[in-house]
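Trainee: give me coordinates for this.
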Amino acid sequence: MAATPNRQRIVNQLLSTPPRRGEEHEGTNGKAEPRPVLEQFLYAVLREGTSRSQADKAYRSLRETFFDWNEIRVSSAREVVEAIRELPRAEARAQRIILFLQEVFETTFSFDLESLHKKGLKEAAKKLNRLEAANDYCVSWVIQQSLGGHALPLDEPTVRVVRRLGLIEPELEDSEAIRTGLEHQVPKAKGSVFTDIVSHLAEEFCHTDQPQCGRCSLGSCCPKMVQAPEPLAAAGRAR
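Mentor: Now for the predicted structure:
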């Protein structure tokens with residue numbers, strides 16, 4: 001377990017990790033180009049538990065396959081699955097996408113959630129959380145990407161990486177407590193970059209089984225690597 005005073009050093013080193021070739025962070029300050037609130041929510045459904053490149057590809061496929069959001073709303077889950085079939089749990093994601101669009105349409109008679117910009121962050125988060133299709137990851141993603149708040153979206157790969165890096169207590173399970181702790185360590189302006197880099201580490205090196213610690217740029221400061229260099233490094237070479 002990393003000592004608390006070392007956590008900021010680990011965060012700083014993590015934030016200095018260069019992006020993978022061909023996946024440089026878009027926009028200014030490492031933030032992707034802005035999307036409307038509704039589109040950020042839909043993107044978050046695709047993004048949770050996957051990499052940015054996977055989510056980007058699935059999102060483009062949705063936009064190219066269907067004429068507009070209403071066509072997706074009235075389509076079958078099977079038709080939506082076909083557009084995002086390369087993502088894990090594609091059927092569950094397709095059902096949530098249709099449910100979300102239906103909920104928004106029944107509430108606003110449109111596909112526009114830009115009015116949330118006029119509300120405070122707490123009220124906007126409450127309104128999003130009331131949606132049946134919403135979960136903690138999607139709400140945090142929208143707050144971070146569209147509404148200007150400091151909220152770190154937490155999915156299983158993210159929690160796995162930050163736990164191994166010692167940025168959270170090993171026994172901590174409550175997602176709200178995990179997020180609060182991380183948000184105190186990660187500057188608001190770097191929240192989006194942090195999310196992308198941790199996702200990249202999870203996909204490329206920090207696998208659930210057989211992590212490739214020997215190839216990871218954070219191996220020198222990762223407590224898991226320091227505590228058990230031989231098994232983890234060997235597993236990384238064997239993968």
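Trainee: what's in contact with the lengthiest helix in the chain?
Mentor: Identified as the longest helix of the chain according to DSSP state H is helix 90-108. Here helix 90-108 makes contact (Cβ atoms under 8 Å, 6 or more residues apart in numbering) with 38, 41-42, 45-46, 62, 69-70, 72-73, 75, 77-78, 80-81, 84, 87, 110-111, 113, 131-134. All C-beta atoms are positioned from the backbone trio N, CA, C, and that covers glycine.
Trainee: so what does the helix or strand just after it touch, helix or strand wise?
Mentor: Note on helix 90-108: by DSSP states H and E, the next helix or strand toward the C-terminus is helix 121-129. Where contact means 3 or more Cβ pairs under 8 Å, 6 or more residues apart in numbering; DSSP states H and E, helix 121-129 is packed against helix 136-145.
Trainee: what subset of the contacts of helix 90-108 is buried?
Mentor: Buried members of the contacts of helix 90-108, scored by 16 or more other Cβ atoms under 10 Å, are 38, 41-42, 45-46, 62, 69, 72-73, 75, 77, 80-81, 84, 87, 111, 113, 131, 133-134.
Trainee: just these: which are in helices?
Mentor: Per DSSP H, the buried ones among the contacts of helix 90-108 map to helices at 38, 41-42, 45-46, 62, 69, 72-73, 77, 80-81.
Trainee: dump these into TSV; add pLDDT and distance to residue 123 as well.
Mentor: As requested, those are exported to TSV (pLDDT from 0 to 100; distance: Cβ to Cβ, whole Å):
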residue	pLDDT	distance to residue 123
38	98	17
41	98	16
42	98	21
45	98	22
46	98	26
62	97	29
69	98	24
72	98	27
73	98	26
77	98	32
80	98	30
81	98	34
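Trainee: residue ranges with poor pLDDT in this protein?
Mentor: Within the chain, the ranges that satisfy pLDDT under 70 run 1-5, 19-33, 226-239.
Trainee: 80 - rerun?
Mentor: Counting by pLDDT under 80, the chain shows low-confidence ranges at 1-5, 17-34, 219-220, 224-239.
Trainee: let me see the domain layout of it.
Mentor: Following automatic domain parsing, the chain resolves into domains at 4-20+152-238, 37-145.
Trainee: find the helix or strand that residue 194 is a member of.
Mentor: helix 191-204.
Trainee: now the angle between helix 37-47 and that helix, please.
Mentor: Relative orientation of helix 191-204 and helix 37-47, computed by axes from the mean of the first three to the mean of the last three Cα atoms, to 10 degrees: 20 degrees.
Trainee: could you list every helix and strand in contact with helix 191-204?
Mentor: Judged by 3+ Cβ pairs under 8 Å, 6+ apart, the packing partners of helix 191-204 are helix 4-15, helix 52-65, helix 136-145, helix 156-164.
Trainee: count of neighbours near residue 173?
Mentor: 10 (other Cβ atoms under 10 Å).
Trainee: got a list of what residue 42 touches?
Mentor: Applying Cβ under 8 Å, 6+ apart, the residues near residue 42 are 59, 62, 97, 100-101.
Trainee: next one: residue 208
Mentor: Contact partners of residue 208, counting by Cβ under 8 Å, 6+ apart, are residue 160.
Trainee: nothing else from me, thank you.
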